[in-house]
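In: take a look and give me a structure for this.
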Amino acid sequence: MLVIAVWQGLVSFGFAPAVLLPPPGFVFSRLLQQLVTWTFQQEIAATLIRLFAGFAIAVVLGVSIGIASAANPAINAVVRPIVRVLAPLPKVALYPALLLLLGFGHGSKITLVAADALFPILLSTYYGASTVEQKLIWSAMAAGTPRYEILFKVVLPAAMPSILTGCRIGLVISCIVVFLAEMITSTDGLGHVLVTAARTFQAVDMFVPLITISLLGLILNGLLGVLRSYLLRGFPEA
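Out: Modelled structure (predicted):
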């Protein structure tokens, strides 16, 4: 609400011309009009497909590699230097290469989303699995639990708070990256809508996809928070 109030104040007092910064009332009115159109719904669907696909790949790979690295020193010795080199790298710098390899369709954008969201999830999973109390593992081993079952019945549940924290960070990154990828090169999606509006100097239509992706991020983050509370209902910190 504070952001909207400041936005309205900038327009009302003439600090920004309405041609470049339209009043929030106009933008939200246009958003409501767009939401009921089939064309705009298709743009949202295209963005969500890429977002969910890339995020899902990042979760599967991040959790799997993170737990495997924490459980096996040999795997950790291979993964650690790779993560140290690739984690700080801005993945968008790889986007031109992805376009050449995977084309301008869903594949390149999904891969970019997965690459960006992977490392927060992987690192959080590794940290959570590495800090599991040894007495829990020893108790399971003393009870005759096979090693692979210990990973799924002891380590994974104990590391779940850290894993979900990484997923939350990865989800926010996914929202940003998919929008950016669509702005750079796409024929559909919310990022493409923004670029098209900017090229035709339609300021109101330019703000609509920005607000839409922000609202989608808030909704998805809230849903993930509900899921976290449900999965961690037995944990004191939840």
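In: quick one: contacts for Leu10?
Out: By C-beta atoms under 8 Å, 6 or more residues apart in numbering, the residues touching Leu10 are 16, 21. Just so you know, the C-beta spots here come from the backbone N, C-alpha and C atoms, and that holds for glycine as well.
In: for it, helix, strand, or coil?
Out: Here Leu10 is helix, with the state taken from DSSP: H, G, I helix; E, B strand; the rest coil.
In: so how far is Leu21 from it?
Out: Computed as C-beta to C-beta, to the nearest Å, the Leu10 to Leu21 distance reads 6 Å.
In: chain center to the longest helix belonging to the chain, what's the gap?
Out: Counting residues, the longest helix found in the chain (DSSP state H) is helix 38-71. Distance of helix 38-71 from the chain centroid (C-alpha atoms, centre = their mean, to the nearest Å) equals 7 Å.
In: and the helices in the chain?
Out: Under DSSP H, the chain gives helices at 2-12, 24-35, 38-71, 73-86, 95-102, 106-130, 134-142, 147-150, 156-184, 190-199, 203-231.
In: okay, those helices, which one's buried deepest?
Out: helix 106-130 (a mean of 23; mean count of other C-beta atoms under 10 Å).
In: same for that one, what does it pack against?
Out: When contacts are defined as 3 or more C-beta pairs under 8 Å, 6 or more residues apart in numbering; DSSP states H and E, helix 106-130 sits against helix 38-71, helix 73-86, helix 95-102, helix 156-184.
In: kindly recompute the last result at 7 Å.
Out: helix 38-71, helix 95-102, helix 156-184 (3 or more C-beta pairs under 7 Å, 6 or more residues apart in numbering; DSSP states H and E).
In: off-centre distance for that helix?
Out: 9 Å.
In: how about Ala203: what's its closest non-neighbour residue?
Out: Nearest residue to Ala203 in three dimensions, chain neighbours excluded: Pro22, at 5.1 Å (C-beta to C-beta, 6 or more residues apart in numbering).
In: quick one: neighbours of the one you found, just the number.
Out: By other C-beta atoms under 10 Å, 20 other residues sit near Pro22.
In: tell me the pLDDT at it?
Out: On pLDDT, Pro22 comes in at 85.
In: repeat for Ala238
Out: 50.
In: cool, His106 as well?
Out: His106 carries a pLDDT value of 87.
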